[in-house]
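Chemist: structure for the following, please:
(chains A and B)
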Amino acid sequence: MSDESVSGNRYDFRTIEAKWQQRWEEADLFRVDYDPNKPKFYGLDFFPYPSGAGISVGHCRNYVPLDVVCRLKGMQGYNVLRPMGWDAFGQPAENEAIKRGRNPREMVTDYAANYRRQFKIVGMSYDWSREINSSHPDYYRWTQWFFLLLHKRGLAYRSDTPINWCPSCKTGLANEEVVAGRCWRCNSVVEKRPLPQWYFRITAYGDRLISGLDTIQWPEGIKTQQREWIGRSEGAEVDFAVIGHDAALRVFTTRPDTLWGATFMVMAPEHPLVAQITTPENAVAVQEYTERAQRSTEIERQATDRTKTGVFTGAYANNPVNGEPIPIYIADYVLMGYGTGAIMAVPAHDQRDFEFAKKYSLPIVMVYQSAPEQTAESLEEALPAGGAMALGPFAGEPNSKETVRKVIKWIEEQGTGKGVVNFRLRDWLISRQRYWGAPIPIIHCPNCGAVPVPEDQLPVLLPDVEKYQPTGTGESPLAGIPEFVNTTCPECGSPAKRETDTMGGFACSSWYFLRFADPHNSERAFDPELANYWLPVDLYVGGAEHAVMHLLYARFWTKVMHDAGLVPFDEPFQRLRNQGMLLAYTAGRRVTKDEAGDGEEVDTNEPLEDWKVLKPEEKASLPEDQWVWKWVKMSKSMGNVVTPDEISERLGADTLRLYSLFVAPFEETVQWSDKGIEGAYRFVNRVWRLWTELRPHYSADWRSGTVATGDTERKLRRKLHQTIRKVGDDIENFRFNTGVAALMEFTNELSAFRNELSHQTPTAEQVTLISEILETLTLLLAPITPHLSDEFWELLGKEGYTRNCAYPTFDPAAAAEESIVIVVQVNGKLRERIEVAPDTATAEIERLALACEKVQAELTTKQVRKVITVPGKLVNIVVG
RNA sequence: GCCCAGGUGGUGAAAUGGCAAACACGCUAGAUUCAGGUUCUAGUGCUCGCAAGGGCUUGGAGGUUCAACUCCUCUCCUGGGCACCA
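Modeler: Here you go, the predicted model:
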């Protein structure tokens, strides 16, 4: 059956790859089942949402390497869970559906089918029996169940603080979904809107989300990003009595030790106390300022180089440590969302307060002084560190963390405040005013308030609608469907209304990794025994852009599940690796000045760039000498996508897999080039030719044959076993590029051996060696080029699939070097190389080194000062 | 401004204290071929030299060391993240 492919010296990859993909599918080769007697390995890709463009060769930079690791682990005897499913709910899918004018349900099904087809083309070893789709009721029923679990545990609540609102997607966004003041999906400038919304109390897990990072093997950069995003800071809350009101203004400060220098206070414009304490003569100015602050975007408000602005409320508070009356201002540099939304201002020791005090001529009092001549008047900027306390009961104490601790203890004793920990992390806004998501399982009853939908009434089905476009009114399209909205209260039976917001897509992806352990369970989200066996995920692979979104949310849900006794672990992903980006060389053009100033051409929502990708019609009209080429991320919107389909058709899936690994280190950003992949193609063909030329000499019972004794043969077999040692090790450590290089090196040596052999009939010893090589090389390549390897395996007359074979292990004796080269240096400069047996004594090596001609030449004018010998490596002779 | 990751031949890169440039692309020459492509062989960091051979070289400047791409200090550049968080 394979006669054709053998007879030509060119590898017929199209036939061979299609053949094996079909056979794997028929044999259900990648199906995996629970087996408590086997060690498990769970390798998981980030949950993809299937986009219309399908996968590009860029996506192969994460899917291929994990596939290689999983296939290797399988050959090493692990029970390998390698599932795939679709993150089908949420903004990315819905925006695409709206753009295409398609029903999202049908569209996602089509797109997923295309992804599945592409994954099969590149030989992915997914267990498709576990495929899940987060937009199916079978799945989102359990997403809703988890919502109720969080609700039951007091971790889901409704609040009407102003939210981040994307005017283009017409929905609220979580803090993590606002990237530099813009929507993560459409890049529009985010606004603030007052809307009652559901939140998950992720801040309650702030400490554990930080400490858990120490227990997992993730890239340090991602851990740092999470730590900084969570932003834990220790300090104190202190109450300032507002003069003339029965109210206290509570502030959070990390520097309670500077209380004696607090000369005014600042509230966020949105602070609830503002209306109450503002005096009539200041009311107009305060209201104007508040309105202006609300109109301004996050970007404007957070620009750090802006001069500080604010207005006086007319009210005063008493500084609790000295009773001094100090004025209360409002200013937009104080944020309602952090701490208590109000601060005590210590201009002497905080730069922001300093700038504000200078602008509004407010008094500056120094708490810490470095020298007697240093005065508040002489300050040109705030002094956050250094000096000793110059006033108050702690006079003389140094400016240190220890002093801060002492002061916190003291104010607790005085009853004016208490030590607290604050997080920069905000609670997770989960409501979306959108159609395409899991409905929030809550019923609003006029008598009972927000009542959870009883578990036995789940799922709350997402109804089919004709118009699924977001309304922009602050309500989801579901609000316009009376049959959905109107229901009865589960508690009192009176008429009630369903919550019409849906959950953001990150809810679905916060537990999908558990569903893969037990994907078809209709009784519960997952069986604990199955989850305990498969989880946590051993190796998780995906892009670094999810550092503070999915990766933080999933950790939070897992900790909640752990606390609820559902799972024994509280970190879902043991080992994480982020692949590098893939860039494509893309034709664009300069954005002209006219254009930039012209609101019609440039969307004001887009960040101002001086380069734009050429649209297809512009490529025809714009002369080529005006094209400006740039390396940009391969993506559909840039029109620069190379698909695995076209590469597989032209050069083969095995070539694509090999090149994806070889092109650069795994984490590195790569510039896609068609030239480079030709080299991978040549290598695969070279292996094919070499292997098929040697195959006639194959003897299946080579293991009982004579081991090669000739120099050439011993050397080749040594290289083979050194290659076995290196390749498996490199794959497990994500050094795929050097692993492939090792296989290339071996192939080069094998090629030289073949040339030497020429047309002679090989000796019995050579037959044994050739046979060992034919088998071993096939299995070493199997995780990387599985189609080629299975074809080889069949050509050797073997049954079955390489995926089920044991991965080769190396023989240390065969891999050991027979002689080693010792480098001889004089004053650190290379002068000579000497070859010795590996067990040569140090003294003997030194003697040989000193006897070298070049060393002797140096010694005619100089003396030996020192000799350093590193066994097995070098001798460095220091002369002078 | 702060944090993280980088900077090595014409190009992608390798080497994590011990021979800088493995492997591959590209290029040069030769063989095969009517020719092109393929394949095979040899060469290919820079530089001086007819040669033998020598010198130089990992963004830059210092330092530690017998020895530094690798460790330390400062600095420049590129990419990514965060950015008035009290």
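Chemist: for A:Ile299, report the pLDDT, please.
Modeler: Model confidence at A:Ile299, given as pLDDT, is 69.
Chemist: where are the low-confidence patches of chain A?
Modeler: Residue ranges of chain A with pLDDT under 70: A:1-10, A:298-299, A:302-304, A:592-610.
Chemist: ok, the residue nearest the centre of it - contacts?
Modeler: When Cα atoms, centre = their mean is applied to chain A, the residue found nearest the centroid is A:Ala544 (3.2 Å). A:Ala544 sits next to A:Pro219, A:Gly221, A:Ile222, A:Asn578 when contact means Cβ atoms under 8 Å, 6 or more residues apart in numbering. No exception for glycine: its C-beta is placed from N, CA and C like everyone else's.
Chemist: who's the last one bridged to?
Modeler: Meaning A:Asn578. A:Gly542 (DSSP bridges).
Chemist: neighbours around the residue in the stretch 151-300 of chain A that RNA strand B sits nearest to, how many?
Modeler: Relative to RNA strand B, the nearest point of the stretch 151-300 of chain A is A:Gly221 (2.8 Å; Cβ to the nearest atom of the strand). Residues within reach of A:Gly221, counting by other Cβ atoms under 10 Å, total 12.
Chemist: element containing it?
Modeler: helix A:220-230 (DSSP states H and E).
Chemist: now that helix: buried residues?
Modeler: Residues A:Ile222, A:Lys223, A:Gln225, A:Gln226, A:Trp229, A:Ile230 are the ones in helix A:220-230 that count as buried (16 or more other Cβ atoms under 10 Å).
Chemist: stretch A:67-87 too?
Modeler: Of the residues in stretch A:67-87, those buried (16+ other Cβ under 10 Å) are A:67-75, A:78-87.
Chemist: which of those fall in helices?
Modeler: Judged by DSSP state H, these include A:Asp67, A:Val68, A:Val69, A:Cys70, A:Arg71, A:Leu72, A:Lys73, A:Gly74, A:Met75 as members of helices.
Chemist: returning to that earlier point: quick one: which two of the contacts of A:Ala544 are the most distant?
Modeler: A:Gly221 and A:Asn578 (8.3 Å; Cβ to Cβ).
Chemist: A:Arg14 touches A:Leu651, doesn't it?
Modeler: No. With contact defined as Cβ atoms under 8 Å, A:Arg14 does not count as touching A:Leu651 (10.2 Å).
Chemist: neighbour count: those two, which is higher?
Modeler: Set side by side, A:Arg14 and A:Leu651 show more neighbours around A:Leu651, with 21 against 13, by other Cβ under 10 Å.
Chemist: alongside RNA strand B, which residues does the stretch 151-300 of chain A contribute?
Modeler: Residues of the stretch 151-300 of chain A lying near RNA strand B by Cβ under 7 Å from any atom of the strand: A:179-180, A:220-221, A:224-225, A:228-229, A:231, A:233, A:235, A:252-255, A:268.
Chemist: pull the most distant pair out of the residues you listed.
Modeler: Top of the distance list for these (Cβ to Cβ): A:Glu220 and A:Ala268, 34.8 Å.
Chemist: which one of the buried residues of helix A:220-230 is nearest to A:Asn804?
Modeler: Using Cβ to Cβ, A:Ile222 comes nearest to A:Asn804 of the buried residues of helix A:220-230, at 35.2 Å.
Chemist: and that closest one, what does it touch?
Modeler: A:Ala544, A:Ala547, A:Leu551, A:Leu576, A:Asn578.
Chemist: and for the fourth one, the neighbour number?
Modeler: If I follow you right, that is A:Leu576. By other Cβ under 10 Å, 22 other residues sit near A:Leu576.
Chemist: same question for the second one.
Modeler: The criterion is other Cβ under 10 Å. On that basis, A:Ala547 has 22 neighbouring residues.
Chemist: next, the contact list for it, please.
Modeler: Residues near A:Ala547 by Cβ under 8 Å, 6+ apart: A:Ile222, A:Gln225, A:Gln226, A:Trp229.
Chemist: which ones are touching the residue nearest to A:Leu335 when sequence neighbours are not counted?
Modeler: Once flanking residues are discounted, A:Leu335 sits nearest to A:Ala268: 5.8 Å by Cβ to Cβ, 6 or more residues apart in numbering. Counting by Cβ under 8 Å, 6+ apart, A:Ala268 touches A:Ile330, A:Asp332, A:Val334, A:Leu335, A:Met336, A:Gly341, A:Ala342.
Chemist: now for those: which two are most distant?
Modeler: A:Asp332 and A:Ala342 (13.0 Å).
Chemist: re the thing from before, after the helix holding A:Gly221, next one along is what?
Modeler: Using DSSP H and E, the helix or strand that follows helix A:220-230 towards the C-terminus is strand A:232-242.
Chemist: and that next one, what other elements does it pack with?
Modeler: If you count contacts as 3 or more Cβ pairs under 8 Å, 6 or more residues apart in numbering; DSSP states H and E, strand A:232-242 packs onto helix A:206-211, strand A:248-253, strand A:311-318, helix A:401-414, strand A:417-423.
Chemist: buried residues in stretch A:285-292?
Modeler: A:Val286, A:Tyr289, A:Thr290.
Chemist: give me every residue in the stretch 351-500 of chain A lying close to RNA strand B.
Modeler: The stretch 351-500 of chain A comes close to RNA strand B at residues A:Arg352, A:Asn422, A:Arg424, as judged by Cβ under 7 Å from any atom of the strand.
Chemist: ok but the first one is inside a strand, no?
Modeler: No. Residue assignment for A:Arg352, taken from DSSP: H, G, I helix; E, B strand; the rest coil, gives helix, which places it outside any strand.
Chemist: excluding covalently adjacent residues, which one is nearest to it?
Modeler: A:Tyr333 (5.9 Å).
Chemist: how about the secondary structure of that neighbour?
Modeler: A:Tyr333 is classified as coil under three-state DSSP.
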